[in-house]
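Q: following is a predicted model, sequence given first.
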Amino acid sequence: MCLIAFALNQHPDYPLILIANRDEFFDRPTEPLHQWQDHPHIYGGRDLEAKGTWLAINRNGRWAALTNFRDPQQTTGSISRGNIVLDCLNTELALPKWFEQLQQNAQDYSGFNFVAGEVQTGQCLYYSNKDSSIRQLSPGFH
C-alpha cells in the first residue's frame, strides 16, 4: 500500500513536512531522489519504466505526490500515473487551473490519489479520480 502523510504549516521553520512510501513491484526499475538531467528543475525519485515519478519537488517550491488506487476490475489507463506528478511540476499554470485540467482528463489514468502544493504560498490541493472533487487542504496534518 502506498502512503503519504504530511504536515502543512505546522512548524515555523518547515512549512512542509512529508513522509511517503512507494509500493511497487520489485522488478520495476527506479532511481532514488536526484536532480533530473532532462528536467533539471525537478528533484525526486524516478520510475525508469515509464519515466514519471510518485513524489518530487521543483525549484520553485511546487511539490507533488501520487499514490495508486488499485482496482483489478478497472481497465488500465492509457497514460502512466507518474506523468501526473511530472506534468504538475512542469506547468506554468496556477495550481487550481492545472487541477481542473487534470480533472477533465482523469479517465486517461488508472486509479490514483494526487496531492500537490506550493511551499511559498502554502496552497495545497487534493484530487482522486475515484471521487472527482478537487479539495483545497488547510494547514494541519494530512
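A: Now that the structure is in, tell me what you want to look at.
Q: could you list the buried residues of stretch 84-93?
A: 84, 85, 86, 87, 88, 89 (16 or more other CB atoms under 10 Å). To be clear about C-beta, it is placed using only N, CA and C from the backbone, and glycine gets the same treatment.
Q: who's in contact with it?
A: With contact meaning CB atoms under 8 Å, 6 or more residues apart in numbering, stretch 84-93 is reached by 39, 41-42, 44, 51-58, 62-66, 98, 101-102, 109, 112, 114, 116.
Q: narrow those to those that are buried.
A: Counted by 16+ other CB under 10 Å, the contacts of stretch 84-93 give 39, 42, 44, 52-58, 62-66, 98, 102, 109, 112, 114, 116 as buried.
Q: among those, which lie within strands?
A: 42, 44, 55-58, 62-66, 112, 114, 116 (DSSP state E).
Q: closest to residue 72 out of these?
A: Taking CB to CB as the measure, residue 112 is the one of those closest to residue 72, at 15.4 Å.
Q: ok, now which ones touch the closest one?
A: Neighbour list for residue 112: 66, 67, 68, 69, 81, 84, 128, 129 [criterion: CB under 8 Å, 6+ apart].
Q: so where's the protein shaky on pLDDT?
A: 1, 23-25 (pLDDT under 70).
Q: is the closest residue to residue 36 other than its chain neighbours in a bridge, and if so with what?
A: The shortest distance from residue 36 to any non-neighbouring residue, by CB to CB, 6 or more residues apart in numbering, is to residue 42 (4.7 Å). According to DSSP bridges, the partner residues bridging residue 42 are residue 58.
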